[in-house]
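>>> One predicted model, sequence on top.
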Amino acid sequence: MTQDEIIQFAAGLPGTVVVTAGEETGAPEPAWGDTFISYDPHGDAPADRFLPFATIVTKDYEGFDTASDLNRPGVFRLNLAVGRRRFEELLGYPPAAAADHRGAVDFTVTDRLLPHPAYAVQGWVCVLDPGERTAVLARSLLEEAHARAAGRLDRTRPDPA
């Protein structure tokens with residue numbers, strides 16, 4: 001899957017807002033080029049209140065998130081908020097144990113489901129360059145993350161209609 005294919009797929013999910021950060025979006029410069037996928041069915045959430053359910057990151061964030069070596073040419077990482085229960089189903093251990101498993105994870109490998117190198121403890125997983133082995137799973141997890149985000153927001157916000 002390319003970044004564009006992921007963006008197109010995510011944008012087709014109901015109530016989804018996809019923003020690729022850039023100067024025109026007012027995003028901080030280090031985020032430029034990264035994509036944030038959020039659920040906002042009414043289109044009225046303030047930009048600083050978006051809580052993405054998925055992101056596409058295209059580069060390392062020095063001093064914070066470099067484990068995936070995203071500065072390699074053509075490499076990007078799809079990040080997905082799958083929740084604690086689904087994280088454990090997928091990876092075989094709870095997010096709280098992610099640090100205990102960190103030494104056994106090669107965060108630079110492509111086309112494999114991995115715990116997120118920085119946000120695993122919050123129930124995030126990732127795939128670098130989803131391809132033949134993970135494209136179907138990536139789409140499914142995007143749908144699941146979307147459904148989780150929709151369920152959370154729909155419980156907390158009344159319909160303005």
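On my side now, so go ahead.

>>> which residues sit in contact with the nearest residue to D65 once chain neighbours are set aside?
If you skip the residues right next to it in sequence, D65 has A118 as its closest partner in space, 4.9 Å away by Cβ to Cβ, 6 or more residues apart in numbering. Where you see a C-beta, it was placed from the backbone N, CA and C, and this is true even at glycine. Going by Cβ atoms under 8 Å, 6 or more residues apart in numbering, A118 touches F64, D65, A67.

>>> got the contact list for the strand or helix carrying C126?
Element membership of C126, judged by DSSP states H and E, is strand 124-128. Contacts with strand 124-128, where a contact means Cβ under 8 Å, 6+ apart, come from 68, 70, 75-82, 87, 90-91, 108-117, 134, 137-138, 141.

>>> among those residues, which are in strands?
Assigned to strands by DSSP state E, the following of the contacts of strand 124-128 qualify: R77, L78, N79, L80, A81, L113, L114, P115.

>>> Please identify, among these, the one with the most neighbours.
Across these, neighbour numbers were computed from other Cβ atoms under 10 Å; L80 holds the maximum, 29 neighbours.

>>> any idea how far T16 is from it?
With distances taken as Cβ to Cβ, to the nearest Å, L80 is found 13 Å from T16.

>>> packing partners for the lowest-mean-pLDDT helix or strand in the chain?
Across the helices and strands of the chain, mean pLDDT, DSSP states H and E gives its lowest value to helix 135-156, namely a mean of 90. The helices and strands touching helix 135-156, judged by 3 or more Cβ pairs under 8 Å, 6 or more residues apart in numbering; DSSP states H and E, are helix 3-11, strand 35-39, strand 54-57, strand 77-81, strand 124-128.
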